[in-house]
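> Take this sequence and fold it.
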Amino acid sequence: MRKLSHNPLKDITGSLGKELLNKKIALCVTGSVAAIEASEIARELMRRGAEVDSVLSKSACEFIGPKLMEWATGNKAITELTGNTEHIHLAGDWVGKVDIVIIAPATANTIGKIASGIDDTTVTTVATTALGSGIPILIAPAMHYSMFRHPIVLENINKLKKLGIQILEPEIVEGKAKMAPISRIVETVIRKFYRRDLKGVKFLISAGSTIEYLDPVRIITNKSSGKMGIAIALEASRRGADSTLIAGVIKEKIPQGIRVLRTETSKEMLKVVKKELARTRYDVFVGSAAVSDFRPLDSHKIKIPTRDNKKLTIELEATLKIVNFVKKLSPKTSLIAFKAEYGLSDSKLIEKAREVMRSSRADLVVANHIGIEGAGFGSDTNEAYIIDRKGKTTLIPRTTKQDFARKIFDYMINFMDLKGR
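Residues are numbered from 1 along each chain as shown. Below you'll find the model as predicted:
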C-alpha cells in the first residue's frame, strides 16, 4: 500500500477555526455511558485546530473501542501503559508535553482516585503526571445525581478544585448529573488559551434582524440570522471584555457568558440602545444588526382579512438609523458600523460605507456584498471591507464568521489603541 503523505483522518483540523492551532490535547475517557460522546469531543477540538491524543481506561473500552478514537483523532488510542511510558510522553515535564489534559467523562471513581493520589489506570496515571508537570487539567464529571451529591464525592471535587483543576459542572437532568455539553467543553478549552487583551472593556453589540408589524400576524423583516453579531459578542467575551448583546430576531444559540437584551422591532431596539448608553459608559458599540429600513406607517390592530382585500396597499416610512444616535448619546464611545449592500460594485460599496461613516461619525465601517455566496445573510462565512476614519480600506478575505470577528477585533485594537484594564 502506498504511504500517504498526510493523514486524511486529520483533514478536518482547523475547518471551523484556528483558536486551538498548535495546541496538543490529551483527551482521557473513563467508564461512563457518556464515553460515547468522546469521539465528537475530539473532532470538535480538532476542527478548532488542536492535535488530540486519546487515553482510554479499561472501563471506557467497554463502552467505546480504541479503533473509534483512532479514527476520531488520527492517532493510536492509548489503552495501556507500556515500557514506552506513554504517560510521560503525554504529560511529563518535557518540551513535547500536551498543553492540557481533559477528562471527559470523569466517573466518581476516577475523581476519587485523582483526589487521593491513586494512579492505577491509564487515565489516573496521566492525571497524576500532569499535576506534577503543572499541565492544566479540565474534568467533566458524569454520573447519577445520587452519586454526584454523595458527601465524599463532593469533597473530592473540592479537593481537585484546590489543586487548581477546573471542574465543568454537570447538567442535572432526569436524575442524572450529565456531562457538560460538548460545545461548553470546547469553549472552555478555547478560553483557557485565548488572549485576554480586552479585560474590563465594555462592548455593546446589536445583532440579528428586526421585524415590523403589518398586523398582529404578518411582518416585514429581512433574512439576517444574527450569526455575525453573535460571533462578535463571543470574540469580545473570549478576550475578557464585558459583552452585552442587544438581540433582534435571532434563531441561533447565543453562547453562555454574554448578557442578552431581547428586542423585536427597530423602535424597541433603538429604545434599548438609548437606555444602555445612558446608564452605562460603553467603550465600544458595534452595530451589526440588520435593522429594517422601513416600517408600515399604520399597523393594523387585527389580522387583515384576505377575502375582503384582493389588493393591499401599504404605506411605509423610513426607520431611524440607530448608529446615528450612538455618538450623540455617548461621544466617547467608539463606533463600529456595518453596511450591507446588494448588486453594487466594490467601489460603490466602499462609497456607501463612507457615507455611513460621515453620517454616524463611525470609527470603522464593515461593508459587505450580501448577494455573494458565502458572504450573505445566514451563511457561516463572511468577507468584507473595513473602512477606517483615516480613509484606509482593507479587505478581509472569506473566512468563518468567528475568524472574521477575530480579525475585526485585531484591526480595531490596533486602530483604536484599545487596552484591557
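> Excluding chain neighbours, what is closest to Ile152?
Distance criterion CB to CB, 6 or more residues apart in numbering; nearest residue to Ile152, sequence neighbours excluded, is Gly112 at 7.3 Å. (Each C-beta comes from the backbone N, C-alpha and C, glycine too.)
> Could you do Lys327 as well?
Nearest to Lys327 is Arg361, by CB to CB, 6+ apart, at 4.4 Å.
> One more: Ile396?
Going by CB to CB, 6+ apart, Ile396 has Lys407 as its nearest residue, at 5.3 Å.
> which SS class is that neighbour?
helix (DSSP: H, G, I helix; E, B strand; the rest coil).
> In this structure it contacts Thr400, no?
No: the pair Lys407 / Thr400 is not scored as a contact, 10.5 Å apart, by CB atoms under 8 Å.
> Now do the same contact list for the closest residue to Tyr213 other than its chain neighbours.
Among residues not flanking Tyr213 along the chain, Ser299 sits closest, at 4.7 Å (CB to CB, 6+ apart). By CB atoms under 8 Å, 6 or more residues apart in numbering, Ser299 lies in contact with Glu212, Tyr213, Leu214, Asp215.
> Could you do Met412 as well?
Val284, Ser334, Ile336, Leu364, Leu418.
> Return the closest of those residues with respect to Gly248.
Ile336 (17.0 Å; CB to CB).
> and that closest one, what helix or strand is that in?
For Ile336, the element it lies in under DSSP states H and E is strand 334-341.
> before we move on, the earlier item: now for the contacts of Ser299, which pair is the farthest apart?
Farthest pair in these, by CB to CB: Glu212 and Asp215, 11.1 Å.
> Which one of the two is surrounded by more residues?
More neighbours surround Glu212 than the other of Glu212 and Asp215, with 22 against 14 (other CB atoms under 10 Å).
> What about the closest residue to Gly371 other than its chain neighbours, how many residues nearby?
Excluding the flanking residues, the one nearest Gly371 by CB to CB, 6+ apart is Tyr342, at 4.4 Å. Per other CB under 10 Å, the neighbour tally for Tyr342 reads 10.
> how about Tyr342, what does it touch?
His369, Ile370, Gly371.
> could I get those as CSV with distance to Ala142 and pLDDT?
Shown next, in CSV, are the contacts of Tyr342 (distance: CB to CB, whole Å; pLDDT from 0 to 100):
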residue, distance to Ala142, pLDDT
His369, 46, 93
Ile370, 43, 91
Gly371, 47, 86
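> Return the closest of those with respect to Leu163.
For the contacts of Tyr342, the nearest to Leu163 is Ile370 (50.7 Å; CB to CB).
> which SSE is Ile387 in?
strand 381-388.
> May I see the buried residues of the helix or strand following that strand?
Sequence-wise, the next helix or strand downstream of strand 381-388 (DSSP H and E) is strand 393-400. By 16 or more other CB atoms under 10 Å, the buried positions in strand 393-400 come out as Ile396, Arg398, Thr399, Thr400.
> likewise stretch 145-153?
Phe148, Val153.
> Stretch 367-382 too?
Buried-residue list, stretch 367-382, by 16+ other CB under 10 Å: Ala367, Asn368, His369, Ile370, Ala375, Gly376, Ser379, Thr381, Asn382.
> then stretch 404-421 to PDB, C-alphas only?
Taking C-alpha atoms only, stretch 404-421 is exported to PDB below (Å, rounded to 0.1, in the frame of the first residue of the first chain):
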ATOM      1  CA  PHE A 404     -13.800  37.100  10.700                       C
ATOM      2  CA  ALA A 405     -14.800  38.600  14.100                       C
ATOM      3  CA  ARG A 406     -11.300  37.900  15.400                       C
ATOM      4  CA  LYS A 407      -9.800  39.800  12.500                       C
ATOM      5  CA  ILE A 408     -12.100  42.700  13.100                       C
ATOM      6  CA  PHE A 409     -11.000  42.800  16.700                       C
ATOM      7  CA  ASP A 410      -7.300  42.700  15.800                       C
ATOM      8  CA  TYR A 411      -7.900  45.700  13.400                       C
ATOM      9  CA  MET A 412     -10.000  47.500  16.000                       C
ATOM     10  CA  ILE A 413      -7.500  47.100  18.800                       C
ATOM     11  CA  ASN A 414      -4.600  48.300  16.700                       C
ATOM     12  CA  PHE A 415      -6.500  51.200  15.100                       C
ATOM     13  CA  MET A 416      -8.200  52.400  18.300                       C
ATOM     14  CA  ASP A 417      -5.400  51.500  20.700                       C
ATOM     15  CA  LEU A 418      -7.900  49.600  22.800                       C
ATOM     16  CA  LYS A 419      -6.400  48.100  26.000                       C
ATOM     17  CA  GLY A 420      -7.800  45.900  28.800                       C
ATOM     18  CA  ARG A 421      -7.900  47.200  32.300                       C
END
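> Would you indicate which residues of that stretch are buried?
Buried, per 16+ other CB under 10 Å, within stretch 404-421: Phe404, Ala405, Arg406, Lys407, Ile408, Phe409, Tyr411, Met412, Ile413, Phe415, Leu418.
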